[in-house]
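Participant: Got a predicted structure here, sequence first:
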Amino acid sequence: MSDKKKILIIDDEKNIRFTLKKSLENEYDIVTAVNGEDGIEKFSNEDFNLVLLDMKLPGMDGIETLKQIKKEDQKANIVIITGFGSVDSAVETMKLGAIDYLNKPFTPEEIKEIVNEVISREQLELKENELESYEDYLKFAKRCINNQELEKGYEYLQEAVSLDTSKPEAFNLLGVILEYKNKPLKAQKQYRAALALEPSYKPAQENLERTSQMEYSKRDIKIDDEEDNDKEN
């Protein structure tokens, strides 16, 4: 019996499935699915350490597939596959606990890097009272978000930023959580902060472009509890 970690690839493009499988099969057991329905069936019948999920699927789309996977296993690790500039559902995917993206076109090195990072995060035995570095707080925050504990994740992202203000990832994730909380202007400040540190950082580029094009109105904002009086600056 293999002791390799198992990965499920859900993508309707044959070439993408082939590229992902060839890039990962030396280190991981790979199972592929051609659409959302196929992916859900395979996910239900086997245990996977990670799912690579394309957002643009025929029939059941990526968001619905993600919802079904999270319904099966709330703590499932998901990497979203998307074309650059097409992440129009970042808030929804974060709400469902998916925060890792693989942007097309990608290289085998990029595939291995993100997969290894997510798998290592799963294996990491971090405890709250033992967090020390920026990386510790960032990984713990991602684990919280993956478990749909957004408020807790937000707090640990802030801690990460307080330890190191030179890296863009925590700023970008803070922005997406603020967007989820219906604070688009504050979210954009975080995206701009990320881009000031690294102008080529794709997730922040996408998020800033997307939020700049969206029209927010008061009727779209859900008011609740302490968020009522926190106005946009």
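Facilitator: That came through, no problem. Note that the structure is a prediction, hence the values are computed from the model and not measured.

Participant: Next up, the contacts around the closest residue to residue 27 other than its chain neighbours.
Facilitator: Spatial nearest neighbour of residue 27, chain neighbours left out: residue 4 (7.0 Å); criterion: CB to CB, 6 or more residues apart in numbering. For every residue, glycine as well, the C-beta is placed using N, CA and C. Counting by CB atoms under 8 Å, 6 or more residues apart in numbering, residue 4 touches 27-29.

Participant: so how far is residue 75 from residue 4?
Facilitator: Look at residue 4 and residue 75: by CB to CB, to the nearest Å, they are 20 Å apart.

Participant: before we move on, the earlier item: the residue nearest to residue 27 looks like it's in a strand, true?
Facilitator: No: applying DSSP: H, G, I helix; E, B strand; the rest coil, one finds residue 4 to be coil, outside a strand.

Participant: For the host helix or strand of residue 70, name the packing helices and strands.
Facilitator: Element membership of residue 70, judged by DSSP states H and E, is helix 62-72. When contacts are defined as 3 or more CB pairs under 8 Å, 6 or more residues apart in numbering; DSSP states H and E, helix 62-72 packs onto helix 36-45, strand 50-54, strand 78-83, helix 90-95.

Participant: quick one: buried residues of that helix?
Facilitator: 62-63, 65-70 (16 or more other CB atoms under 10 Å).

Participant: Let me know the closest of these to residue 90.
Facilitator: Residue 90 lies nearest to residue 63 out of the buried residues of helix 62-72, by CB to CB, at 11.2 Å.

Participant: Is it correct that the closest one is in contact with residue 94?
Facilitator: No: counting by CB atoms under 8 Å, residue 63 stays clear of residue 94, with 11.8 Å between them.

Participant: nearest spatial neighbour of the residue most central in space within the chain, skipping sequence neighbours?
Facilitator: For the chain, the residue nearest the mean C-alpha position is residue 99 (1.3 Å; CA atoms, centre = their mean). Distances taken as CB to CB, 6+ apart place residue 145 nearest to residue 99, at 5.2 Å, with adjacent residues excluded.
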